[in-house]
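Participant: pasting the structure only:
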């Protein structure tokens, strides 16, 4: 009987850990979306573009949830599968295109395209180009 109880407790603990991981992921995703939206909104306004006229920004804001509580450091996991590096490489390519003069179509651009555009503009300012 003890073994059955231990097995049941182990399964419950595993399920609880998965639920915690899913909730942490949801909060991290929500916070990241909020930060990207804020960066894009700020850069659009700085450039004289009304953020209300940019559909991707409206969609990004619609997905927002109330501000998540700060994550405890011990719950943040390393990028063991390399997805962050792949994302950074793709964003880097998009930023370079923007630095070479590509301007997104603000009425059709994805949030990722807009974020890359913002990063390129910030890099230009840091170099003193804009």
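Facilitator: Received, thanks. Note that the structure is a prediction, hence the values are computed from the model and not measured.
Participant: From now on I want contacts and neighbour counts done on CA atoms only, so please keep to that.
Facilitator: OK.
Participant: Which other helices and strands does the helix or strand where residue 16 lies contact?
Facilitator: Assigned by DSSP states H and E, residue 16 belongs to helix 2-46. Here helix 2-46 is seen to pack against helix 55-62, helix 111-127 when contacts are counted using 3 or more Cα pairs under 8 Å, 6 or more residues apart in numbering; DSSP states H and E.
Participant: quick one, that helix and helix 111-127 angle?
Facilitator: With axes from the mean of the first three to the mean of the last three Cα atoms, to 10 degrees applied, the angle from helix 2-46 to helix 111-127 works out at 60 degrees.
Participant: Point out where the protein drops to low pLDDT.
Facilitator: Filtered on pLDDT under 70, the chain yields the residue ranges 1, 59-80, 129-130.
Participant: Geometric centre of it: which residue is closest?
Facilitator: With distances taken as Cα atoms, centre = their mean, residue 32 lies nearest the centre of the chain, 3.6 Å away.
Participant: and residue 121, how far is that from residue 95?
Facilitator: As judged by Cα to Cα, to the nearest Å, residue 121 and residue 95 stand 9 Å apart.
Participant: cool, and residue 110?
Facilitator: From residue 110 to residue 95 the distance is 14 Å (Cα to Cα).
Participant: ok, the two, which is more surrounded?
Facilitator: Remark: of residue 110 and residue 95, residue 95 carries more neighbours, 22 against 18, as counted by other Cα atoms under 10 Å.
Participant: List the residues that contact the more buried one.
Facilitator: Residues near residue 95 by Cα atoms under 8 Å, 6 or more residues apart in numbering: 116, 117, 119, 120.
Participant: Any chance of these in a markdown table with neighbour count as columns?
Facilitator: Shown next, in a markdown table, are the contacts of residue 95 (neighbours: other Cα atoms under 10 Å):
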| residue | neighbour count |
| --- | --- |
| 116 | 24 |
| 117 | 25 |
| 119 | 22 |
| 120 | 21 |
